[in-house]
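Engineer: Sequence plus predicted model, see below.
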Amino acid sequence: MVRLAEAAVSQKTFIEDDRFHEECGIFGVCGHSEAANLTYLGLHGLQHRGQESAGIVSSNGERLFEEKGMGQVARIFKKGPLEKLKGDLAIGHVRYSTAGTSTLGNAQPFRIDSRKGELAIAHNGNLVNAFSLRDALERAGSIFRTGSDTEVILHLIARSPQQDLEAAIVDALKQVRGAYSLVFITRDRIIGVRDPRGFRPLSLGRLGPAHILTSESCALDLLDATFVRDLDPGEMVVIGAGGVTSYRPFPPEPVSQCIFEHVYFSRPDSRVFGRSVHEVRKRLGRELAREQPVEADIIVPVPDSGMYAALGFSEESRIPLEFGLVRNHYVGRTFIEPRQAIRHFGVKLKLNPVRALLDNRRVVLIDDSIVRGTTSRKIVSMVRAAGAREVHMRVSSAPTVGPCYYGVDTPRRAELIASTHSVDEIRRYIRADSLGYLSLEGMERAVEENRSFCTSCYTNRYPVAFPEEEQAQKVAVERHRT
Ligand code: SF4
């Protein structure tokens, strides 16, 4: 068991690191004279899925054009870079990465020119057998330019004996295992694929005659485009001058859509895996209120992650909702810490309590997760210092006990407080008067299904196992996350 003091020492200093991070968002447009501009706007809508780098590759039917950069979309794509992205087709990518791999070389889309023609790829997800595939490819002479698992797919496509590009993509994807939602661009078409288990989302949209692929539907709203449907797990769509052609090239597998997309990642205004994220989050809050009732004066969401669950909790419990914590939206990911230590400095930069609402009240704080526990502890202390008589913490998901290997950046297992501590130990650590999590069954009731979702980070039961030879890589990844 890791002692709490040790867990606290290994935590990163600032509040924004005590969360799970999505690793990517992907977008594609086919058949619009402003394809690159639309992709730029689409990536704006997906910015919450990754802020460390972004890129767009377009095609004018004769060749591909590429622009990538570090940072947020608005910073990278000024007028000049966008004007260079010519053509009616484009794909784009936003990426979150851990500090060590945050380089321009790893920014997507990745582009290659092979015997099968020019091709670029944008990937959301994580392959569990990338290490062994890469090892075999390198032994056979492949030279890798990046540290990304995505590049493995390009090498497999380039080496495939299949001459037809779609057949080569299928051939490559039949060799990889794990999570992938992908968009490809060639000179004359874009291609979207979801892995057979459908870990990560990918939707199809329409804007006049143009077709769109996007990680989340909120990016369509920004363009006044229409949501058409989600791609099915294991579906591949080829979109070109002839419209959309759908294939099911992979043997069917049990579906494992990421439940955490609903808990936290996806925007509440999106429709993901056939459900409104906002509706599901409210239902999580309702279920939580039923399972973990508490006598209190006010419900206070931890902004922004606890907002919709708090709404549901308040409706179910009939305890009024109050915005007792105000978020400062203008905090960057890095800042200078003052020499003279200020208590809970990192949290205070981001959140401020509303004393007039909290003073002498019994408060229920609602958040979607507790990762390391360090942030919750600071928030509880902050609310108490603002005068709250009692502070009860309620969490709209089950305890997070395991890391994710399917495309979400998580701390290693030992840093997840719930992997080594009981609920009461966590309550004592965060200094709350009471602590209650939603059960896994409650989560499944909220998404109205219990079979088609991945819940591995709550159960430690992983639907796609790491092959033996990948264990070393898994250990290396966990070590890297420290
Ligand atoms: Fe989502 Fe958790 Fe499964 Fe990862 S392990 S895909 S975060 S539910």
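Structural biologist: Looks like it came in fine.
Engineer: Can you report the mean pLDDT over the residues of the top helix by length along the chain?
Structural biologist: In the chain, with assignment by DSSP state H, the single longest helix is helix 277-291. Across helix 277-291, pLDDT averages out at 98.
Engineer: same question, stretch 428-436
Structural biologist: Mean predicted lDDT for stretch 428-436 stands at 98.
Engineer: ok, back up a step: quick check: buried residues in the longest helix of the chain?
Structural biologist: 277-289 (16 or more other CB atoms under 10 Å). Every C-beta, even on glycine, is put in place using the N, C-alpha and C of the backbone.
Engineer: swap in stretch 440-460?
Structural biologist: 440, 442-447, 452-458.
Engineer: Including secondary structure, pLDDT and distance to the ligand, could those residues go into TSV?
Structural biologist: Output for those, formatted as TSV (DSSP: H, G, I helix; E, B strand; the rest coil; pLDDT from 0 to 100; distance: CB to the nearest ligand atom, whole Å):
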residue	secondary structure	pLDDT	distance to the ligand
Leu440	helix	96	11
Gly442	helix	97	15
Met443	helix	96	10
Glu444	helix	94	12
Arg445	helix	95	16
Ala446	helix	96	14
Val447	coil	92	11
Ser452	coil	90	12
Phe453	strand	95	7
Cys454	strand	96	3
Thr455	coil	95	5
Ser456	helix	94	4
Cys457	helix	94	3
Tyr458	helix	96	7
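Engineer: And the next helix or strand past the longest helix of the chain?
Structural biologist: Sequence-wise, the next helix or strand downstream of helix 277-291 (DSSP states H and E) is strand 298-301.
Engineer: Go ahead and name everything in contact with the next helix or strand along the chain from that following strand.
Structural biologist: Downstream of strand 298-301, the next assigned helix or strand under DSSP H and E is helix 307-317. Helix 307-317 is contacted by residues 268, 278, 281-290, 293-294, 299-301, 319-321, 364, 366-368, 394, 396 when judged by CB atoms under 8 Å, 6 or more residues apart in numbering.
Engineer: State the mean pLDDT of helix 307-317.
Structural biologist: 98.
Engineer: Arg412: neighbour count?
Structural biologist: Neighbour count for Arg412, taken as other CB atoms under 10 Å: 18.
Engineer: Pretty sure it sits against Gly402.
Structural biologist: No: at 9.9 Å, Arg412 does not count as touching Gly402 under the criterion of CB atoms under 8 Å.
Engineer: Next one: the most far-flung residue of the chain relative to its centre, what pLDDT does it get?
Structural biologist: The outermost residue of the chain, judged against the average C-alpha position, is Asn360 (37.9 Å), by CA atoms, centre = their mean. Reported pLDDT at Asn360 in the predicted model: 98.
Engineer: From the ligand, how far off is it?
Structural biologist: From Asn360 across to the ligand, the span is 39 Å (CB to the nearest ligand atom, to the nearest Å).
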